[in-house]
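Novice: 3D model of this:
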Amino acid sequence: MKKHIAVTLGLVTLLACATQAGQQELAARMKQAREEAAATSAQLNTTLQALNTLVCQTEGDLRPAYQAFKAEIPRTQAAATATSVRVETMTREKERYFGDWQNAINGISNMSLHKKAQKRLNAASQSYDKVKANLITAGEKFRPFLSDLADVEKSLSQDVTAAGVKSVKGVTKRANWDYQFVSKSINKALKEMEKMEKALSSQAE
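Specialist: From the prediction side, this is the model:
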C-alpha cells in the first residue's frame, strides 16, 4: 500500500514538473510570438508610411521616395511569411503545450482544485486559439495588401514621374484600407498574447 502511494505521488510530482515546464515554455513562446507580431506591426506601419510619403510628394525628385518604398516591400513580404509560419507552428505544438497540463489536472482528486485547474487550462487554451485565429485573419488580409504594394512598385518601376505617381493613388488608397484590417488582426493577437504571458508568468503581482 505504501509502495503504491509512493508511486502515485511520484507520478503526480513528475506530471506537476512537466506541467510547470510546459507552461514556462508556452509563456516563452508567447513572448517570442508577441515580439515577432510587434515587429510585423511596426514593419506594416513603416511600409505604409513610405508609400504615403511617395504619393504625397508634390515637388522634387521622386526617385528617393520610390526607392525607400521599394526597399520595404521584401521586408513586408518576409513579415507576412513569418506570420504564416507562426500559425503553422502554433497548430503543430498546441498538443505538446497543453497535453501534460491536462494529464496533471486529470490526476487531481480534490474536485475544487480540479475545477480551478481546469478553468485555468481552458482559459489559456482559448487565448491560444484566439491568438492563432487572429494571426490567420492577418495572414488572409496580408494578401490583398501585398498585392497592392507589388502593383504600385511594378507600375512605377519604369515610370517614376508625377503622372506615374498620380496614377497609383487609387491603389494606394486601397492599400491604406487593407492595412487597417491586417493591423487590427495583429493588434488583437498582441493583446491576447500579452494576456497569456501575464496569466502564465511565475512573477507574483
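Novice: any idea how far the nearest residue to residue 189 once chain neighbours are set aside is from residue 83?
Specialist: Leaving aside its chain neighbours, residue 189 sits nearest to residue 134 (3.9 Å; criterion: Cβ to Cβ, 6 or more residues apart in numbering). C-beta here means a position set from N, CA and C on the backbone, and glycine is covered the same way. Residue 134 sits at a distance of 10 Å from residue 83 (criterion: Cβ to Cβ, to the nearest Å).
Novice: Overlap of the contact sets of these two?
Specialist: Here residue 134 and residue 83 have residue 186 as joint contacts, going by Cβ atoms under 8 Å, 6 or more residues apart in numbering.
Novice: got the contact list for residue 160?
Specialist: By Cβ under 8 Å, 6+ apart, the neighbours of residue 160 are 62-63, 66.
Novice: Mind checking which of those residues land in helices?
Specialist: Under the assignment DSSP state H, the contacts of residue 160 contribute 63, 66 to helices.
Novice: Just the buried ones from the contacts of residue 160, in ChimeraX syntax?
Specialist: Buried subset of those, written as a ChimeraX selection, criterion 16 or more other Cβ atoms under 10 Å:
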select :62,66
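Novice: Which residues does stretch 118-127 contact?
Specialist: 26, 94, 98, 101-102, 105, 192, 195-196, 199-200.
Novice: Which ones among these lie within helices?
Specialist: 26, 94, 98, 101-102, 105, 192, 195-196, 199-200.
Novice: and the two most separated of those residues?
Specialist: The span of the ones in helices among the contacts of stretch 118-127, defined through Cβ to Cβ, is set by 105 and 192 at 22.2 Å.
Novice: Is it possible to get a markdown table of the contacts of residue 160 that adds pLDDT?
Specialist: Shown next, in a markdown table, are the contacts of residue 160 (pLDDT from 0 to 100):
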| residue | pLDDT |
| --- | --- |
| 62 | 95 |
| 63 | 96 |
| 66 | 96 |
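Novice: Columns distance to residue 43 on top of the contacts of residue 160, output as TSV?
Specialist: As requested, the contacts of residue 160 are exported to TSV (distance: Cβ to Cβ, whole Å):
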residue	distance to residue 43
62	23
63	23
66	19
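Novice: Which of the contacts of residue 160 sits closest to residue 73?
Specialist: residue 66 (11.2 Å).
Novice: which one is the closest one nearest to, not counting chain neighbours?
Specialist: Residue 66 sits nearest to residue 160 (Cβ to Cβ, 6+ apart), 4.9 Å away.
Novice: Now name the helix or strand holding the most centrally placed residue in the chain.
Specialist: For the chain, residue 37 is the residue whose C-alpha lies nearest the centre (Cα atoms, centre = their mean; 4.3 Å). Per DSSP states H and E, residue 37 falls inside helix 2-56.
Novice: Buried subset of the contacts of stretch 118-127, written for PyMOL?
Specialist: Of these, the buried ones go into a single PyMOL selection, burial set by 16+ other Cβ under 10 Å:
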select buried, resi 26+98+101+102+105+192+195+196+200
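Novice: Save the contacts of stretch 118-127 as CSV, and put in pLDDT too.
Specialist: Shown next, in CSV, are those (pLDDT from 0 to 100):
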residue, pLDDT
26, 81
94, 86
98, 86
101, 83
102, 88
105, 88
192, 90
195, 86
196, 85
199, 80
200, 80
